[in-house]
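Q: sequence and predicted model, in that order:
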Amino acid sequence: MSIACFAVEIKIDLCRTTFRKQMHAFLENTAGLPYYANCCKKFGTTRLDPCLDDRLLIVHYPDFDANDYANAILAGEPIGQGDISVAISKLDLSIEDANKQIKNLVTAHHEELLQRAAGVNNLSGSLTSVRRGLDDINSSLEKLRHKIRSPYKTLETSAIRLQRTRQVSDALRRISRFVMLSRRLETQMSELSAFDNPGKAALTIAELGALLDGPEETGDTLGKDSPETDDRTAPAIDSLIPLRSVKAAAAHIPFIEEAQYKVTHEMKSMIITGLSTLDQSLLASSLQTAYNLRVLPTLIQGLSRDLCDAVEERIRTAFDLSSISKEVVSKENVPSSQGLLYKSRVRTEPTNITAPQWTAALWARLESLIEEMAACCIKVYTLEKVLKLKKDSTTQRSFLDDVMKVLENKPSSTFWSSLGRSLEKYARDAAKGSTFLQQTLSSGYPKLLRLFHEFFAKIAVHTDTVYTQSQQSPETVLVLRSLSTFEALYLSRSTTRLNEVVSQAFAGGSRTPPGANEGVAIARAVMNELDSARFDPLLILAVARNVGTALDGATMRAESLISSDRSVVTLLGPMATPQQILNGQVATCLYYCWTNLEKLAEDHTESVAALVRPGVKKLRGTYDGIVDPLLTAIRRELASIVSRLHRVDLQKAMDPMAGMAGPSLYMKDLTDRLNYVKTQIFTNFTSDATQSWVLSIVKYVIRIFVLHASIAKPLGEGGKLQLTTDMTELEFALGAFLGPSNKGGLEVAGEEYKMLRAMRPLLFLDTASLASLTHAVNLPPLVVLHHILVRSPLPLPHIIHGWQEAEYVRWVEEHRKEDAWGLVEAALVGKEGEFVELAKGVLRQARGE
């Protein structure tokens, strides 16, 4: 109780001191009412003293000045309602009032304070009992630690002793094995010169090296099987005794190293001999030795690199102009005088005099290069073949699989990549740095390609590479692509030659247009370029692409000369127009060009023909664009003349007193027009093409005449005789149109000529015989149907539809014969009589019913 009272008194004094300090601070600052409010709140009241409250309200005024207020108090001047002594006395009263309130507060809550003090005393007793329990636990742990530590120390010492014993035992085992292998190696080395088979010695050397170098090679798993220990013993357990530190083993190391050197030297000698003679058995023995020595991947990597370096050096030497210059100079016999001997500086470009010697030296070097490349390639493939055949006796895995764990690619792939890269590098540099090499190898690119063909042929027996017209191995394509610099130059020259021929052919323009000779020259130039490259399947494809481009240019040049106005198709006569003559010359040039180039498919592969064919088709299309409109105009003109047959009076009766009538006027005009076409129009074109045109026109005229004659109505006996006379005149005119070159006459017209000959008797048959197959054997059913309708009162099809005769004949020419039969049959619908039955009978026979 005394402790609690003492604490309350201390707290009261602290509160009194704090209150005094706060009041003095209140008088020295301008906190005013907020500070006063805090004091009231701290002491649990809303008003400390009424008089003090009035004094404190002064500081709340807006015009309050703290300095003036303090000076007034010191001077004893009245402030507000009293002086400083009154204020201090009131302040003391307020402090006493606060002390009373604090005492009352402590008196009201002292029971709670006493309860908390009693709780603290009880808690100290509980803590004492907990501390006693912890001391018991610590003593128990110490006893337990003592029971575990001693056996652990003993076990640890025993484990270290066991590990060291095992290390010594393993070292003795390896030393024993090492000594035994050393003695075996001595025996094998003594027999090596006699049997010349270092494979067994190599295997012994490899095992000895594994014993000397550590547990990875010996297969020792001691470190893995040992029990786990702490960090202090781990290094001693994982380490093994190196045999090189054992004197008994170290004494044999010089002999082992000497033996290894001899075996390695013998192995390399065997490999070099085996590659030189391509002896696969010797290579197999040497590779087995390398495999036993555990150096096979490194050996193969070195051999591949050496072969690739040798080929690269040969390629560099072949394109080295300085070396070629020295070679040419050394072969020249320079006469020396008694005095000084003049020696010129080394040239890097030949003169006009020494160019042949330089060229011969260059090609000789390239031929030697091909021999060296073939030899190296065969060696690489022979080596790879032996690696595939040789296998590990235990795992049955080939040596090549083991080598590929170290190498990125197979030796053959590495060789081809290096060869292509070296060829491309030195060929490109040579073309950039020497005009002589550029001109020689670009103009002689086919010869260079033939050298590489020889290279492919030499290695084909020993490798799986193929280079034929139908198949090319990726390796061969890779090598030839490295020569793309010279190929591009050769193709540029080839394109230039083709373009020059085309330019020369069209150099005269419309004044002297190209003809047959120019067309043949273009075709011959194309065939020469293709023949020069046909030995190589890739080169000929590239040339064929250039040929297609050149033919497109020729087509464009021809189209620029062709005239397309109306004067090209006019047939007014008496002579051909200048435009017709110009088009005829250009068409002749195009004809001889595309007809000769169409034969390329017979001499070249389909892939080459496919590249040239579009250009040839364009030539043919341009040619047809000239010829087809002209032939169409000729046919239209001749059909127009024949259609004038219907203007002739054919319904007159026959006059027995009159003589044989002459040909009709339209027939004379037809004869004159045929003669004009032959002598004025077709002479501007080549006779090889006009022969087929003449025959087609003859057949067309016969068909048109027969159709017009079959629908001529009304037709009397005199008209029949007139038609017969016109037919005879037509035969003479067409015979003259065919010319003497056709020895068979009009019989070459075939079915059309037979139709014309059969038309004569048809005119004079009686009506009942018109449907007989015997009398109308060479006539189309449509002509017979027309003639039946001409004799009958029935209207003809063109009359029903309101067509002119020429329109109807043109419609028949443009449609199928079945459509024409349907048109006639429609005219018979709803009709009856003898002629209707005859017409239906002819239709049934025509349809095979």
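A: Perfect, thanks for sending it.

Q: residue 538 and residue 484: what is the separation?
A: Here the distance between residue 538 and residue 484 works out to 11 Å (Cβ to Cβ, to the nearest Å). C-beta coordinates here come from the backbone N, C-alpha and C atoms, glycine included.

Q: buried residues in stretch 611-626?
A: By neighbour count, with 16 or more other Cβ atoms under 10 Å as the criterion, the buried positions of stretch 611-626 are 611, 612, 613, 615, 616, 618, 619, 620, 622, 623, 625, 626.

Q: how distant is it from the center of its chain?
A: 32 Å (Cα atoms, centre = their mean, to the nearest Å).

Q: and if you look at stretch 321-331?
A: Relative to the mean C-alpha coordinate of its chain, stretch 321-331 is positioned 44 Å out (Cα atoms, centre = their mean).

Q: show residues contacting that stretch.
A: Stretch 321-331 is contacted by residues 317, 346-350, 354, 357-358, 361-362, 365, 430, 433-434, 436-437 when judged by Cβ atoms under 8 Å, 6 or more residues apart in numbering.

Q: CA atoms only for that stretch, dumped as PDB, please.
A: Extracted as PDB, the C-alpha positions of stretch 321-331 are listed here (Å, rounded to 0.1, in the frame of the first residue of the first chain):
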ATOM      1  CA  LEU A 321      47.800 -15.200-111.700                       C
ATOM      2  CA  SER A 322      51.200 -14.500-110.200                       C
ATOM      3  CA  SER A 323      52.000 -18.200-110.100                       C
ATOM      4  CA  ILE A 324      50.700 -18.600-113.700                       C
ATOM      5  CA  SER A 325      52.800 -15.700-114.800                       C
ATOM      6  CA  LYS A 326      55.900 -17.300-113.200                       C
ATOM      7  CA  GLU A 327      55.100 -20.600-114.800                       C
ATOM      8  CA  VAL A 328      54.800 -19.100-118.300                       C
ATOM      9  CA  VAL A 329      58.000 -17.000-117.900                       C
ATOM     10  CA  SER A 330      59.900 -20.100-116.700                       C
ATOM     11  CA  LYS A 331      58.900 -22.000-119.900                       C
END
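
Q: could I get the buried residue list for it?
A: Result for stretch 321-331 [16+ other Cβ under 10 Å]: buried residues 321, 324, 325, 327, 328.

Q: could the residues you listed be laid out in TSV, adding distance to residue 100?
A: Rendered in TSV, the data for those read as follows (distance: Cβ to Cβ, whole Å):
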residue	distance to residue 100
321	125
324	129
325	130
327	133
328	135
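
Q: for these, which one is nearest residue 564?
A: Within the set of the buried residues of stretch 321-331, residue 321 lies nearest residue 564; the separation is 57.4 Å, counting by Cβ to Cβ.

Q: ok, the closest one to residue 309 distance?
A: Using Cβ to Cβ, which is the criterion applied here, residue 321 is 22 Å from residue 309.

Q: any regions of this protein where pLDDT drops low?
A: Within the chain, the stretches falling below the threshold (pLDDT under 70) are 1-64, 66, 69-70, 73-84, 192-197, 214-239, 332-348, 653-661, 741-744, 773.

Q: which residues of it fall in strands?
A: Listed in chain order, the strands found in the chain under DSSP state E amount to none.

Q: give me the longest helix you can find in it.
A: The single longest helix within the chain, with elements called by DSSP state H, is helix 84-195.

Q: residue 494 reaches residue 544, doesn't it?
A: No: judged on Cβ atoms under 8 Å, residue 494 makes no contact with residue 544 at a distance of 10.6 Å.

Q: neighbour count winner among the two?
A: residue 544 (26 against 23; other Cβ atoms under 10 Å).

Q: ok, that one - contacts?
A: With contacts defined as Cβ under 8 Å, 6+ apart, residue 544 is in contact with 530, 608, 611, 612.

Q: distance of it relative to residue 472?
A: Distance, residue 544 to residue 472, by Cβ to Cβ: 16 Å.

Q: and what of residue 142?
A: Shown here: residue 142 relative to residue 472, a distance of 90 Å by Cβ to Cβ.

Q: more neighbours, these two?
A: Set side by side, residue 142 and residue 472 show unequal neighbour counts under other Cβ under 10 Å, the larger going to residue 472 at 17 against 9.

Q: excluding chain neighbours, what is closest to that one?
A: Once flanking residues are discounted, residue 472 sits nearest to residue 537: 6.4 Å by Cβ to Cβ, 6 or more residues apart in numbering.

Q: what is the neighbour count of that neighbour?
A: Residue neighbour count, defined by other Cβ under 10 Å, stands at 17 for residue 537.

Q: ok, it touching residue 477?
A: No: applying Cβ under 8 Å, one finds residue 537 not in contact with residue 477, separated by 10.1 Å.

Q: contact partners for the residue lying closest to residue 737 once chain neighbours are set aside?
A: Counting by Cβ to Cβ, 6+ apart, residue 737 lies nearest to residue 674, which is 4.6 Å off, once chain neighbours are set aside. Contact analysis of residue 674 by Cβ under 8 Å, 6+ apart lists 638, 701, 733, 734, 736, 737.

Q: between the contacts of residue 544, which sits nearest residue 775?
A: residue 612 (54.3 Å).

Q: contacting residues around that closest one?
A: Residues touching residue 612, when contacts are defined by Cβ under 8 Å, 6+ apart, comprise 526, 530, 544, 547, 548, 551, 597, 600.

Q: which residue comes closest to the fifth one once chain neighbours are left out?
A: Distances taken as Cβ to Cβ, 6+ apart place residue 615 nearest to residue 548, at 4.3 Å, with adjacent residues excluded.

Q: pretty sure that neighbour contacts residue 546?
A: No: the pair residue 615 / residue 546 is not scored as a contact, 10.4 Å apart, by Cβ under 8 Å.

Q: in helices only, show me the buried residues of stretch 321-331.
A: Per DSSP H, helices hold the following members of those: 321, 324, 325, 327, 328.

Q: how much space between the residue nearest to residue 174 when sequence neighbours are not counted and residue 249?
A: Taking Cβ to Cβ, 6+ apart as the measure, residue 174 lies nearest to residue 211, with 5.3 Å between them; neighbours along the chain are not counted. Note on residue 211: its distance to residue 249, by Cβ to Cβ, is 8 Å.

Q: if I look at the two, which residues touch both of them?
A: Shared contacts of residue 211 and residue 249 (Cβ under 8 Å, 6+ apart): 178, 243.

Q: neighbours around the residue lying closest to residue 473 once chain neighbours are set aside, how many?
A: If the residues on either side of it in the chain are set aside, residue 473 comes closest to residue 465, at 4.4 Å by Cβ to Cβ, 6+ apart. The tally of other residues near residue 465 (other Cβ under 10 Å) stands at 19.

Q: thought residue 286 was touching residue 270?
A: Yes: checked against Cβ under 8 Å, the pair residue 286 and residue 270 is within contact range at 3.8 Å.

Q: between those two, who's got more neighbours?
A: Remark: of residue 286 and residue 270, residue 286 carries more neighbours, 26 against 22, as counted by other Cβ under 10 Å.

Q: who touches that one in this structure?
A: Counting by Cβ under 8 Å, 6+ apart, residue 286 makes contact with 267, 268, 270, 271, 274.

Q: 7 Å instead?
A: Contact criterion Cβ atoms under 7 Å, 6 or more residues apart in numbering gives 267, 270, 271, 274 as the residues in contact with residue 286.

Q: in helices, which of those fall?
A: Among the contacts of residue 286, the residues falling in helices (DSSP H) are 267, 270, 271, 274.

Q: any chance of a PyMOL selection covering the buried ones in these?
A: Here is the PyMOL command that picks out the buried ones among the ones in helices among the contacts of residue 286, judged by 16+ other Cβ under 10 Å:
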select buried, resi 267+270+271+274
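
Q: okay if I get the ones in helices among the contacts of residue 286 as CSV plus distance to residue 186?
A: Conversion of those to CSV gives the following (distance: Cβ to Cβ, whole Å):
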residue, distance to residue 186
267, 19
270, 22
271, 25
274, 28
